[in-house]
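[1] Sequence and predicted structure below; questions after.
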Amino acid sequence: MTRRKGTLQIIAISALALANASCLAQNLYGPWKSSDKGETLMRIEPRYHPLTTEEGVEEAERNYHHRTLVWDMPLAEAALVCVDCWNWHFSRDTRERIERITRERIAPLLEACRRHGMLVIHAPADPVATRHPNWIRLKPKDAKPQPQWPDSPDWPPKEFKEKTGPYAKYAKPGHPQLDARALHRETKRDFHPLCQPVGDEPVILDGEELHRLCARRGILHLFYVGFNTNACIMMRDYGLQEMSWRGYDVILVRDCTTGMETAETAADMACTRGTICTIEQFIGYTVSSDELIEALKNAR
C-alpha cells in the first residue's frame, strides 16, 4: 500500500509538472487565440499552493509559496456559484464583513457575470431554495441517497450518529441562541437583496442538483463566492470539497468570502486565511474578483 501511495504521488506531481510546463510554453511561445470551435474563451490565472519547492531549494515550510497557472477556459464551461448569500447573520462582526463584501465585491462580480454571459447559480440551502420559483427541482422525489460501498459495514450505530439513547451523553450541549437561529432560518432567512436571482438564473437545493445542472449545461469549472469560508463554502454538499470529489475544478473567489472567527482568531482572520490556504493546498484554486471581472471583460 505504501509503494502504491508513493507511486500515485509521483504520478500526481509529474502531471502537475507537465501542466505547468504546458502553461509556461503557452505563455512564452504561443499567442492567446480563440478556440477552433468558435467558443468564447476566458483567460484566468488560478492560484494554488503546492507543498513543493524549486529544484535545489530546501523542502521547508518557509519555502512553500503559492504559484499560478494560466488557463484559456471556454466561458460556456464555467459558472459562478453563490453559496448561502443570505440577508442576515447571527454574529454582528461577521454580518458587518458579509455586508461589506457583498456590496463591494460580490455585487460587481455578479453584474460582470451577467453582462458577459457566465452562468450564475444560486445555492442558498433550504428553506430559501425550495421557496424560490427558480428552484430547478432536478432530483426525482423518490431519489435514493448514495448507496454504501459494497459490503461496507453499517457503522456507527444510528443512535450514536444521532447522539440519542445510550450515546446522548456525547451530544454537544444545547443553547437558547441555537433555537432562535433555527426559528429565524425557518421563518425569516432569504437571499441578500444584492444577491437575488435575476431572470431564469437557477436555484439549486443540494449537491446532486448542482451536479445534474452542470451535466445538462456542460459546466466543468465552478467559481465560488459566499459565506462562510470555513463552514458552508467548504462543508455543504454543493461546496468546494464535495464538488471537487465529483471531479469539477473548484475555484474560490477569495475576496468574495469571509469565515467565522473566534476570540483567538478575529484579530488576524486566521480561520478565513487558513481555510483559503487549505483550499489552495489540497482542494482547488483561488482568484480575486478583480481578476475574474477583468477576464470576463476580455473574453473572446
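    Ah, there it is.
[2] which one is A129 nearest to, not counting chain neighbours?
    Distances taken as Cβ to Cβ, 6 or more residues apart in numbering put L205 closest to A129, at 4.5 Å, once the chain neighbours are dropped. For glycine as for every other residue, the C-beta is placed from the backbone atoms N, C-alpha and C.
[3] wait, doesn't the one you found sit right on R131?
    No: contact criterion Cβ atoms under 8 Å: L205 and R131 do not qualify, at 10.7 Å.
[4] Comparing those two, which residue is more hemmed in?
    Under the neighbour definition other Cβ atoms under 10 Å, L205 and R131 were set side by side, and L205 has more, 23 against 13.
[5] list the contacts for that one?
    A125, D126, A129, T130, W135, K139 (Cβ atoms under 8 Å, 6 or more residues apart in numbering).
[6] Just the ones in helices from those, please.
    A129, T130 (DSSP state H).
[7] filter the contacts of L205 to the buried ones?
    Buried members of the contacts of L205, counted by 16 or more other Cβ atoms under 10 Å: A125, A129, W135.
[8] A266: which of those residues is nearest?
    Closest approach between those and A266, by Cβ to Cβ: A125, at 25.1 Å.
[9] Can you pull the phi/psi pair for the closest one?
    Dihedral angles of A125 (phi, psi; degrees, to the nearest 10) stand at phi 70, psi 170.
[10] just checking, it touches R131?
    No: counting by Cβ under 8 Å, A125 does not reach R131; the two are 11.2 Å apart.
[11] so where do the strands sit in the chain?
    41-44, 47-48, 67-68, 71-74, 78-83, 119-123, 221-227, 249-258, 285-287 (DSSP state E).
[12] What distance separates the opening and closing residues of stretch 140-156?
    Taking Cα to Cα, to the nearest Å, the span from the opening residue of stretch 140-156 to its closing residue is 28 Å.
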